[in-house]
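> Quick one, what's the 3D model for this:
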Amino acid sequence: MAAIPDRPTRFAADLLDSAAAEGARQSRSAKQQLDHWARVGRQVSMQSVTAQRRIEAALAGKMPLTLLHEAERMAINAHLDAQVQQRAGAFGEQLAREGITTVSLDGEGRLVRHHPDGTTTILG
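Residues are numbered from 1 along each chain as shown. As a prediction, this is how the structure comes out:
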C-alpha cells in the first residue's frame, strides 16, 4: 500500500510541545504523536456519532431498545424522563387554567395536591 503524502499544517504551540513530550515517551516523533491523537479522536468522535444515531433510531421506534448498550439505554431513559416531565408539567398547567385540582408525587415521593390557584398541599 502506498504511503499517503503529508500535507503541511499548523498546530497550536502547546499541542506541538505536548506531542513532542508524549511522543518521546512513546518512541514517536511529535508528528507521529499528533497523527496518533488525531486518529484516536476521530474514532471516539465516530463512536459518539454512531451511538447518537442508535439512540435517535430507538427513540423513533426504528430500533428495539434491547439492541442498545447500557449507556445508550440510560441516555434514552433520561431523554424519555425529561419529555414526560415536560409534558406532565404542561398538562398540569392546562388543567390548572381550567380550574382542575391535580395530584402528583414530589421529589421525596410524597403525594401533593396542586390547586388551580398555584398553591400545593402535601397529602402524605
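> so for the longest helix anywhere in the chain, what's the average pLDDT?
Looking across the chain with DSSP state H, the single longest helix is helix 30-59. Averaged over helix 30-59, pLDDT sits at 86.
> Now the residue nearest the centre of the chain. Nearest residue, chain neighbours left out?
The chain has residue 75 as the residue nearest its centroid, 6.3 Å off, counting by Cα atoms, centre = their mean. Leaving out its chain neighbours, the residue that sits closest to residue 75 by Cβ to Cβ, 6 or more residues apart in numbering is residue 55, at 5.4 Å. Using the backbone N, CA and C atoms, a C-beta is placed for each residue, glycine as well.
> Around the one you found, how many other residues sit close by?
18 (other Cβ atoms under 10 Å).
> Kindly report the same for the one 3 residues further on.
The burial metric for residue 58, expressed as a neighbour count using other Cβ under 10 Å, is 20.
> what's near enough to touch it?
The contact partners of residue 58, taken as Cβ atoms under 8 Å, 6 or more residues apart in numbering, are 64, 65, 67, 68, 72, 76.
> So how do I select the buried members of the residues you listed in ChimeraX?
A single ChimeraX command is used to select the members of the contacts of residue 58 judged buried by 16 or more other Cβ atoms under 10 Å:
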select :68,72,76
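> So which of the contacts of residue 58 is the closest to residue 26?
Residue 26 lies nearest to residue 72 out of the contacts of residue 58, by Cβ to Cβ, at 32.2 Å.
> show me what contacts the closest one?
So residue 72 contacts 51, 54, 55, 58 (Cβ under 8 Å, 6+ apart).
> Quick check: the farthest pair among the residues you listed?
51 and 58 (10.7 Å).
> quick one on the thing from earlier: which residues does the residue nearest to residue 75 contact?
68, 72, 75, 76, 79.
> So which of those sit within helices?
Reading helices off those with DSSP H, I get 72, 75, 76, 79.
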